[in-house]
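# Quick one, fold the following:
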Amino acid sequence: MTSQPSHSYFVVMIDYGRKGREAIVDPEMTYSNVVDRVRSGEYKNILFIHHIQMDQTPDDVTEAVMYDAAGLHLRKREVA
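Below is the predicted model:
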């Protein structure tokens with residue numbers, strides 16, 4: 001029996017104010033890619049970031065991505 005590949009992707013919802021909203025969905029984008037784009041400022045005015053996995057409820061990973069993008073996990077290690 002052949003196992004099926006695990007399909008997952010991230011949805012980044014951007015708020016443009018009066019201009020509307022945009023859902024950015026790129027099946028090739030990894031968690032690290034999302035963090036890098038938030039850190040660089042490419043993604044701004046984020047409403048939410050969801051991680052979608054086949055046959056599972058979407059996970060809201062907004063807080064985790066923002067935390068990692070801010071480098072807070074690195075700062076905590078330096079202080080300790």
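
# so where do the strands sit in the protein?
For the chain, applying DSSP state E gives strands covering 8-15, 21-25, 46-53, 59-60.

# can you redo the ones you listed as TSV with distance to Arg39?
Every C-beta, even on glycine, is put in place using the N, C-alpha and C of the backbone. TSV is the format used below for the strands of the chain (distance: least, C-beta to C-beta, whole Å):
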stretch	distance to Arg39
strand 8-15	13
strand 21-25	16
strand 46-53	12
strand 59-60	19
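
# mind putting those strands in TSV, mean pLDDT, distance to Arg37 and mean neighbour count included?
Listed next are these as TSV, based on pLDDT from 0 to 100; distance: least, C-beta to C-beta, whole Å; neighbours: other C-beta atoms under 10 Å:
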stretch	mean pLDDT	distance to Arg37	mean neighbour count
strand 8-15	96	8	17
strand 21-25	97	9	13
strand 46-53	96	10	16
strand 59-60	98	18	13
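
# Out of those strands, flag the one nearest Asp36.
Nearest of the strands of the chain to Asp36, taken as C-beta to C-beta: strand 8-15 at 12.1 Å.

# Could you list the residues in contact with that closest one?
21-27, 29, 31, 34, 37, 43-54, 58, 61 (C-beta atoms under 8 Å, 6 or more residues apart in numbering).

# go again using 6 Å as the cut-off
21-25, 27, 29, 34, 43, 45, 47-53 (C-beta atoms under 6 Å, 6 or more residues apart in numbering).
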